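Colleague: I would like the atomic coordinates for the input below:
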Amino acid sequence: MTRQQLIEGIYTIMKNSLELPTLSSFHEDARLNEDLYMDSIMVLQLILHIELDLGISIPDEILVPKDFKTVGTLVSFLEKLQKVA
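Modeller: Prediction:
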């Protein structure tokens, strides 16, 4: 998937599956916690939906909080995972 497809996929998950009321703040530099008001449970749900909906396997042992700071850092993390796979 391209970077833009990943961003669109994450947006769709946040809109349809997580039903985030803060999506007006969604952009690549939006912080998941501070701007989109996602708590740790919501981030785990997002990871699950990324795996199921986008077909990207995310091993638990490589999950690091810095990769989930912003939409952009999450997309960069997913791009790295795709290159390894």
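Colleague: Could you check how far the closest residue to residue 69 other than its chain neighbours is from residue 60?
Modeller: Among residues not flanking residue 69 along the chain, residue 31 sits closest, at 6.2 Å (C-beta to C-beta, 6 or more residues apart in numbering). (C-beta placed from N, C-alpha, C; glycine too.) Remark: distance between residue 31 and residue 60 (C-beta to C-beta, to the nearest Å) = 23 Å.
Colleague: picking up where we left off before, any idea how far residue 56 is from the residue nearest to residue 69?
Modeller: Computed as C-beta to C-beta, the residue 31 to residue 56 distance reads 21 Å.
Colleague: what's the answer for residue 37, then?
Modeller: Counting by C-beta to C-beta, the gap from residue 37 to residue 56 is 24 Å.
Colleague: and if you look at residue 40?
Modeller: For residue 40, the distance to residue 56 (C-beta to C-beta) stands at 20 Å.
Colleague: out of these two, which sits in the busier spot?
Modeller: Per other C-beta atoms under 10 Å, whichever of residue 40 and residue 56 has more neighbours is residue 56, with 18 against 11.
Colleague: Which helix or which strand is home to that one?
Modeller: Residue 56 is part of no helix or strand, with elements assigned from DSSP states H and E.
Colleague: can you pull out the strands in this structure?
Modeller: According to DSSP state E, the chain carries no segments that qualify as strands.
Colleague: Point out where it drops to low pLDDT.
Modeller: Applying pLDDT under 70 to the chain picks out no residues at all.
Colleague: just the helices in it please.
Modeller: Ranges of helices within the chain are 3-12, 40-54, 71-84, based on DSSP state H.
Colleague: now for the longest one, which elements pack on it?
Modeller: Using 3 or more C-beta pairs under 8 Å, 6 or more residues apart in numbering; DSSP states H and E as the contact definition, the elements that helix 40-54 packs against are helix 3-12.
Colleague: quick one: buried residues of the helix it packs on?
Modeller: 6-7, 9-10 (16 or more other C-beta atoms under 10 Å).
Colleague: now do stretch 23-30
Modeller: Buried, per 16+ other C-beta under 10 Å, within stretch 23-30: 26, 30.
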